[in-house]
Structures are given as C-alpha cells and as structure tokens.
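Student: Okay, here's the prediction I keep looking at, along with the sequence it came from:
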Amino acid sequence: TQLLEQSPQFLSIQEGENLTVYCNSSSVFSSLQWYRQEPGEGPVLLVTVVTGGEVKKLKRLTFQFGDARKDSSLHITAAQPGDTGLYLCAGEAAGNKLTFGGGTRVLVKP
Amino acid sequence: EAGVVQSPRYKIIEKKQPVAFWCNPISGHNTLYWYRQNLGQGPELLIRYENEEAVDDSQLPKDRFSAERLKGVDSTLKIQPAELGDSAVYLCASSLAGAPAYFGPGTRLLVL
C-alpha cells in the first residue's frame, strides 16, 4: 500500500505570513498533484509535478517535487484569507492509481 | 466545458435503507474514480474504472457497496443497506489516461 503523509495536519497563520506544507512517502510516484478543497466542494486541481526536482510557481504558490519523486512541498508566500482551505497532495502510480494524503487544513486570519 | 456532475448533492437516510449516487464524468474521460472522504481527512479510493471495466475495487466493501459504469460513461454507486459509519462525502472524479483527475462537488451522505 502506498501511503502519503502530509504535515502539518493543521496550520493557522496571520495574513501576510508564509507557510509550507509537506507531503512525504516511501514510494516513488510518476507524478504528484496538489489540490485545494473548500467546505462543501470537491478538490480543485492546483498543479501537477512530474519530473524529479521540478519547481512550479502559481502566483504566490510554489510547488516542488523531490529529486527521488517521493516527496513534495507547497509554499505560500504572503498568505491571504482566500488561501484558507484543505490542501491535499495525491500521488499517481503506474496505471492511473491515485493515492491521497490526509490533508493539511490551512487557516489564514485577516 | 462542463465539469464532473454528481447528484444528489445531499442525502439523508435512515440506517438500513438503500442509497444511490450518480456521476457524469467530463466528456471523453475514460478513467472514472469513486472516493469516500470522511470529515477533515483525505479522500480514499473506493473503485476505479477504465472505460466500463472496474480495474481497482480492492477498497470497495463489496458486502454492501456496488458500482456500475454502463457504456463507459456515467456511473452509479450504491449502498445497501446503509450503516451509520457510511456517513461521509462521496466524490466522483474523472481523467484522461496519464492526466490529472478532476473532481465533482461530491454527495454528502448522512445516515441516521
């Protein structure tokens, strides 16, 4: 069974601060996705990383895929209340098997 | 382009009753997933279809859960009979081969 562990489970910060969420596994993934989910909605895809060492930026969000394709991080610069939500990482193994981490709940207070 | 459509959005039933959820994936997506998400946790895969074939149903509680994807397009997930512990959000997602999955809004089930 491939497991993805996210840390921290919960993060509360003030508007303007930076934060980092981690996603770790002992398994190698062909790709890794980050999603954000708001209450009452399904997860919304933020980014897909495929190559080991890859870094992708999406406005104030920076995503990194580990060199060995086993771990990933999401860094948010100058967080805003609109960044509040449940952040989920999901690793894809061969054959479209998608496994999710437990999620990190982020609260950005104004 | 329309996203993944799920219905109903909410369902409240009494234990031991049957319940069914429906999903219409994004047009052309051959892979369809059903996930269950408990409050504050990440989604857990129940079943994955490639076209009309269930290729991964190892986590589906087959004594009470069943699913079908006739004609390889829309899909139905059924629970019979429902138990209190089945209360959760049931998410449907779809993807093209090798591409990321896109999720529907989910069906929130409460079993009383």
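Tutor: On my side now, so go ahead. Note that this is a predicted model, so its numbers are computed, not measured. Numbers count the residues shown, from 1 in each chain, chains lettered A, B, ... in the order given.

Student: Sketch out the strands for the chain, chain order is fine.
Tutor: Chain wasn't specified; assuming chain A. A:5-7, A:10-14, A:19-24, A:31-37, A:44-49, A:55-58, A:61-65, A:71-76, A:85-93, A:97-100, A:104-109 (DSSP state E).

Student: actually chain B
Tutor: Shown for chain B, the strands assigned by DSSP E span residues B:5-7, B:10-13, B:19-24, B:31-37, B:44-50, B:53-56, B:65-68, B:75-79, B:88-95, B:102-103, B:107-111.

Student: Let me know whether the shortest one sits next to chain A.
Tutor: Yes: applying C-beta under 8 Å from any C-beta of the partner chain, one finds that strand B:102-103 is in contact with chain A at B:Tyr102, B:Phe103. C-beta here means a position set from N, CA and C on the backbone, and glycine is covered the same way.

Student: Give the rounded mean pLDDT of that strand.
Tutor: Regarding strand B:102-103, the rounded mean pLDDT is 94.

Student: returning to that earlier point: the strands of chain B: which one's closest to A:His75?
Tutor: strand B:102-103 (23.6 Å; C-beta to C-beta).

Student: Determine which residue lies closest to the centroid of chain B.
Tutor: With distances taken as C-alpha atoms, centre = their mean, B:Trp34 lies nearest the centre of chain B, 3.3 Å away.

Student: Can you spell out which residues form a bridge with it?
Tutor: The partner list for B:Trp34 in beta bridges (DSSP bridges) reads B:Ile47, B:Cys92.

Student: quick one: A:Val106 and B:Gly28, what's the gap?
Tutor: Counting by C-beta to C-beta, to the nearest Å, the gap from A:Val106 to B:Gly28 is 33 Å.

Student: cool, B:Glu52 as well?
Tutor: Taking C-beta to C-beta, one finds B:Glu52 at 15 Å from B:Gly28.

Student: now A:Gln9
Tutor: For A:Gln9, the distance to B:Gly28 equals 37 Å [C-beta to C-beta].

Student: The worst-scoring helix or strand of chain A on mean pLDDT pairs with which strands, parallel or anti?
Tutor: In chain A, the helix or strand scored least confidently by mean pLDDT, DSSP states H and E is strand A:97-100, which has a mean of 86. Here strand A:97-100 is paired, per DSSP bridges, with strand A:85-93 (antiparallel).

Student: Next, the angle strand A:31-37 makes with the partner strand.
Tutor: 160 degrees (axes from the mean of the first three to the mean of the last three C-alpha atoms, to 10 degrees).

Student: burial count for B:Leu84?
Tutor: 10 (other C-beta atoms under 10 Å in any protein chain shown).

Student: go on, B:Lys71?
Tutor: 7.

Student: May I have the beta-bridge partners of the spatially closest residue to A:Leu88 that is not a sequence neighbour?
Tutor: Counting by C-beta to C-beta, 6 or more residues apart in numbering or on different chains, the nearest residue to A:Leu88 once its immediate chain neighbours are dropped is A:Tyr35, at 4.5 Å. The partner list for A:Tyr35 in beta bridges (DSSP bridges) reads A:Leu45, A:Leu88.
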